[in-house]
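Asks: coordinates for the following, if possible.
(2 chains)
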There are 2 protein chains.
Amino acid sequence: MSKKQKSNKIMNMKTSNIYLKNIKQYIGQQVSIKGWVANCRSSGGIYFLQVRDGSGYCQAIVSRDEVSSKVFSACQQINLETSIQLIGLVKEESRAPSGCEIQVNDLKIIGQSADWPLGKKEHGIDFLMNHRHLWFRSPRQVAILKIRNEIIIILREFFKQEGFILTDTPILTGSSCEGVSTLFKVPYFGQTAYLTQSGQLYLEALSAALGKVYNFGPTFRAEKSKTRRHLTEFWMLEAEVAWMDHQGNMALQEKMISYLIGQVLKRRKQELIILERDVKQLEKVITPFPHLTYDQAIGYLQKTGCKIKWGDDLGADEETILSKQYDRPLFIERYPAKLKAFYMKPDPDNPKLTLCNDLLAPEGRGEIIGASQRIDDLATLKKKLKEFKLKEADYQWYLDLRRYGTFPHSGFGLGLERIVTWICGLSHVREAISFPRLINRLQP
Amino acid sequence: MSKKQKSNKIMNMKTSNIYLKNIKQYIGQQVSIKGWVANCRSSGGIYFLQVRDGSGYCQAIVSRDEVSSKVFSACQQINLETSIQLIGLVKEESRAPSGCEIQVNDLKIIGQSADWPLGKKEHGIDFLMNHRHLWFRSPRQVAILKIRNEIIIILREFFKQEGFILTDTPILTGSSCEGVSTLFKVPYFGQTAYLTQSGQLYLEALSAALGKVYNFGPTFRAEKSKTRRHLTEFWMLEAEVAWMDHQGNMALQEKMISYLIGQVLKRRKQELIILERDVKQLEKVITPFPHLTYDQAIGYLQKTGCKIKWGDDLGADEETILSKQYDRPLFIERYPAKLKAFYMKPDPDNPKLTLCNDLLAPEGRGEIIGASQRIDDLATLKKKLKEFKLKEADYQWYLDLRRYGTFPHSGFGLGLERIVTWICGLSHVREAISFPRLINRLQP
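Replies: All right, here's what the predicted structure looks like:
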């Protein structure tokens, strides 16, 4: 039997297709792989193909002696990202990251890929962002997207275990939650709708129906911030719990974050290694987390020479200074009421303060969670609306929650892309989502 | 010790607070409950309170002889939805749905609730929708929201088991996917953005990076449809799989739907009973699902006297006729190309048709899934863009997927609220989401 006959016979055998993540189970067997060529080099009578299929990677070896001459000469047309189907024998190879390599018996080019735009080692960020639809095929971007997926799975698992109900509050809203200056407006059948900045007010209503509720969806801020921490469209996890107070709220956040980090380290070590993340830093994230009051934080900042005075908000720089002092996330609690949203419950020990907290990620990364106990008294809430110059008429349904069986309750919001950025050790939030949206970026 | 002293002592004992869903574990014990009064009646020296806390329900009995006179007289102020904290002894009660009742020792009113607006038996739908923030406290709405939550959990579980990666494609898009007439426009820093109608084109790009990908997020249609099946904002699950063909696509949908129904029946029987859902109908949803081609469907409809001709689209009425013939979901495949979107792959056996399918829910409920294999050939896709009068310039990045390692791929979109409506046996999709958005409904 000639090599050509042999090869055709194999291609016709309907060898079953496998995913590369499972390749170790097929050592010694003939398999079919469908994927893309992530790297290709040749040496004499051999092509070394780095093949990827989305689930994993493996080196495939095409030797002139093992394939038909037609297949071997077709290999000349293989470029970066050419899509192929190959059939070959899986061999153990302890030096390979996958633990295997494939000796190719037959190969078919499915899609050519001349002039792959991302072949060079270094590209500017604008070029990469313009090619986001191709850029995320790189091992680094694949690792980030897989970690993001895992973070979402773990967080949803956590809220299921804790007895929460997901409620998906609306994206199109008739009124604003946190100020109108940063709202995207949407013409809506003769009315004006706004893209949600937070589902919190809705979640408060739902917590009276379901006890423990959460949201995990996109939110929008039309902020003109061009920073490493801001997207115009980002995913937020928001939780709200009936009968939970400020202390319980912080305990819940601590439990969630420590569970999350522990599970990511268990499940996605391989991807963290691809990202060259210093996992030792993440391993330090264990309970209890340190706490500072806003007052203590200001005192500390003043001691280190910051020109900040009581009543000023903590900016990104101040957050970095504070969070760098600790190897785990840092709670900062009880901010001045005038710095925070209208719905936050005054501190009974000092009504100038509110029962709120931010949670700052370590390694100087700043805020990942904002949280508070909410005002549950009708008169106090009405007073606050007036102070914040918000129209009472727009909040009638929200006030109803204080008219009909009011109850203490608390909650928080967690910015997903900031968590991904921290866990993956990225320098900019734009890599933490498949198609980032920034002030100047709506494409692809 | 007087009754009053006894009562105070109990309130001070810091009896630990429990959730009603766990109450059976506390039979014979003293517990604290925080919740709302869903119903209240009195008979002589006894108040019977139906208490709910979001996790469950239980009857609490306040006897004049068992509480202080102060507590007993406070009960006069209890109305529907008054929030309370109570302490009492859990007793087994086999006639109660919870299996228990609580003999109250102490009770405190936390929030009054005079004139609860939803006290009457019957309200018009507009009144209920205006009070959505209170309406969803009713047992029926709670059951729907819990089933919705469970459906989402099960679907995400399924995609995790099948090796999919969640990718969260953007809500704000620079170009449209399925025609501009039903798009919501958003002014975006001097540009125009559109709210997503589908993440499919993005998912196709991501499937080349990750193999199997999916989305589960909000989507928007500015359709002027006032039907039982349409929301302007709805949640859609979209899946896309590299190297999967039309047959594999239908097999995946079948596996997903049969898994979903089986698991809902296992986990949420109690809520289906509250909704008086005929679960026997759902138990019939087992594989294999029947298939009709579009041609066969038209033939059948003509035989039953419908005035429909080949080339016409199937409307809601036709879908109802077809799906009523079967006790399980019905695939209709290979629609005429001119009825479907530009990206669908022509049927190689008859290029007037496309390799697509809809899946119709049984019991006359109509379409829940739309699906297709996608065009993977660059020249064919360019021709189709021209035929559909779409600007090639807007689709350059999408065409790139056919330039660099093109690959056969297929996917589908499932409308979450339609699935919830079917499973719960609702008459209108508006009850399938916490705060529905309709043409004339942006509040609360």
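
Asks: residue contacts, residue A:230?
Replies: Shown in contact with residue A:230 (CB atoms under 8 Å, 6 or more residues apart in numbering or on different chains): A:221, A:223, A:429, A:438. Every residue, glycine included, has its C-beta placed from N, CA and C.

Asks: can you confirm it is in a strand?
Replies: No. Counting by DSSP: H, G, I helix; E, B strand; the rest coil, residue A:230 is not part of a strand but coil.

Asks: which residue sits closest to the residue in the stretch 151-300 of chain A positioned nearest to chain B, ignoring its sequence neighbours?
Replies: Distance from chain B to each residue of the stretch 151-300 of chain A (CB to the nearest CB) is smallest for residue A:211, at 2.5 Å. Closest residue in space to residue A:211, ignoring its immediate chain neighbours: residue B:54 at 2.5 Å, by CB to CB, 6 or more residues apart in numbering or on different chains.

Asks: redo the contacts of residue A:230 as JSON lines? Include neighbour count and secondary structure.
Replies: Converted to JSON lines, the contacts of residue A:230 look like this (neighbours: other CB atoms under 10 Å in any protein chain shown; DSSP: H, G, I helix; E, B strand; the rest coil):
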{"residue": "A:221", "neighbour count": "19", "secondary structure": "coil"}
{"residue": "A:223", "neighbour count": "14", "secondary structure": "coil"}
{"residue": "A:429", "neighbour count": "22", "secondary structure": "helix"}
{"residue": "A:438", "neighbour count": "17", "secondary structure": "strand"}
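
Asks: buried residues of stretch A:339-355, list them for me.
Replies: Neighbour-count burial for stretch A:339-355 flags A:340, A:341, A:342, A:343, A:344, A:345, A:346, A:347, A:353, A:354, A:355 (criterion: 16 or more other CB atoms under 10 Å in any protein chain shown).

Asks: any idea of the pLDDT on residue A:97?
Replies: For residue A:97, the pLDDT comes out at 89.

Asks: ditto for residue A:2
Replies: pLDDT, residue A:2: 53.

Asks: so what pairs up with residue A:33 in the strands?
Replies: Counting by DSSP bridges, residue A:33 forms beta bridges with residue A:86.

Asks: ok, now the one 10 residues further on?
Replies: Beta-bridge pairing for residue A:43 (DSSP bridges): residue A:46.

Asks: tell me, how many residues neighbour it?
Replies: Residues lying near residue A:43 (other CB atoms under 10 Å in any protein chain shown) number 7.

Asks: where's stretch A:240-260 relative to the chain centroid, distance-wise?
Replies: 20 Å (CA atoms, centre = their mean, to the nearest Å).

Asks: swap in stretch A:37-49?
Replies: With CA atoms, centre = their mean, you get 35 Å for stretch A:37-49.

Asks: pull out the buried positions in it.
Replies: A:37, A:38, A:40, A:47, A:49.

Asks: so which of the buried residues of stretch A:339-355 sit within strands?
Replies: Judged by DSSP state E, strands contain the following of the buried residues of stretch A:339-355: A:346, A:347, A:353, A:354.

Asks: for those residues, work out which two are farthest apart.
Replies: Comparing every pair within these by CB to CB identifies A:346 and A:353 as the most remote, at 7.2 Å.

Asks: anything in contact with each of these two?
Replies: residue A:337.

Asks: that older thread, can I get the buried residues of stretch A:37-49 in CSV with secondary structure?
Replies: Below are these laid out as CSV (three-state DSSP):
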residue, secondary structure
A:37, strand
A:38, strand
A:40, strand
A:47, strand
A:49, strand
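
Asks: so who does whichever residue of the stretch 1-150 of chain A sits closest to chain B touch?
Replies: Among the residues of the stretch 1-150 of chain A, residue A:54 lies closest to chain B, at 2.4 Å counting by CB to the nearest CB. Residue A:54 makes contacts with A:35, A:142, B:165, B:207, B:208, B:209, B:210, B:211, B:212, B:242, as judged by CB under 8 Å, 6+ apart.

Asks: quick one: low-confidence parts of chain A?
Replies: A:1-14, A:176-180 (pLDDT under 70).

Asks: okay, now the domains of it?
Replies: Using automatic domain parsing, the domain parsing of chain A gives A:3-111, A:128-432.

Asks: re the thing from before, which of the buried residues of stretch A:37-49 are close to chain B?
Replies: Restricting those to those touching chain B (CB under 8 Å from any CB of the partner chain) yields residue A:37.

Asks: which members of the buried residues of stretch A:37-49 are the farthest-apart pair?
Replies: A:38 and A:47 (13.5 Å).
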